[in-house]
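sharing a sequence plus its predicted fold:
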Amino acid sequence: RAVACEIEQAVKKGDREAVIADRGGVTINTPEIQQAIRTRAARAELLGQFLDTGHAYEQNNGLVCILRTSAYKKTGSRLDRDRQALLVMSENDNRWQLYEGILKASNFPPRSLSAIQAVFYEERCKLLEPGQKFEKPDGQIVAKGS
């Protein structure tokens, strides 16, 4: 949990050079994991701005999802929506690299993947800005309060 908290705080701050130590049997100092953290930190501001629109939310599986509502389809151009889709796909790809990288580097059993996703989701939800949306464990999508 402490490692996930430190990673998510570094990503939110946009700290591409964060030095996060391995601890508690969790290994994160691999080139793949470090690259995923750096890339996520580089796009953190853009992702935050997109979450601020209310057209995306943090899924309880540790990924980001676009709310494809009629209101979303009316915002911006098709090119804007394509860019947003690419932003979300890239972010989710890096998150998978992070989750699977930790699983592999730390020699955790495969069934631990969902626990890793859950811990990162919980830490990320703590860092959401008021008004940004997330999915509760029951599947309901809500906005974070102040």
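Thanks, I have it.

pull out the buried positions in the worst-scoring helix or strand of the chain on mean pLDDT.
Ranked by mean pLDDT, DSSP states H and E, the weakest helix or strand in the chain is helix 70-74, scoring a mean of 92. Residues of helix 70-74 classed as buried by neighbour count (16 or more other C-beta atoms under 10 Å): Tyr72. C-beta coordinates here come from the backbone N, C-alpha and C atoms, glycine included.

touching that helix from outside, list them.
His55, Ile66, Arg81 (C-beta atoms under 8 Å, 6 or more residues apart in numbering).

next structured bit after that helix?
helix 78-105 (DSSP states H and E).

that following helix - contacts with which helices or strands?
Counting contacts by 3 or more C-beta pairs under 8 Å, 6 or more residues apart in numbering; DSSP states H and E, helix 78-105 is packed against helix 31-52, strand 64-66, helix 113-126.

parallel or antiparallel, list what pairs with the shortest one.
Taking DSSP bridges as the criterion, strand 64-66 sits next to strand 56-58 (antiparallel) in its sheet.

quick one: distance of the strand it pairs with to the chain centre.
Strand 56-58 has its C-alpha centroid displaced from the chain centroid by 9 Å (C-alpha atoms, centre = their mean, to the nearest Å).

contacting residues around it?
Under the criterion C-beta under 8 Å, 6+ apart, residues 50-51, 64-67, 84, 88, 121, 124-125, 128, 132-135, 141 lie in contact with strand 56-58.

PyMOL command to pick out the buried ones of those?
To isolate the buried members of these in PyMOL, using 16+ other C-beta under 10 Å:
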select buried, resi 50+51+64+66+84+88+121+124+125+128+132+133+134+135
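
sorry, back to before: out of the contacts of helix 70-74, which is nearest to Leu98?
Ile66 (20.3 Å; C-beta to C-beta).

now the residue nearest to that closest one when sequence neighbours are not counted: how far from Pro130?
Closest residue in space to Ile66, ignoring its immediate chain neighbours: Ala56 at 5.1 Å, by C-beta to C-beta, 6 or more residues apart in numbering. Note on Ala56: its distance to Pro130, by C-beta to C-beta, to the nearest Å, is 16 Å.
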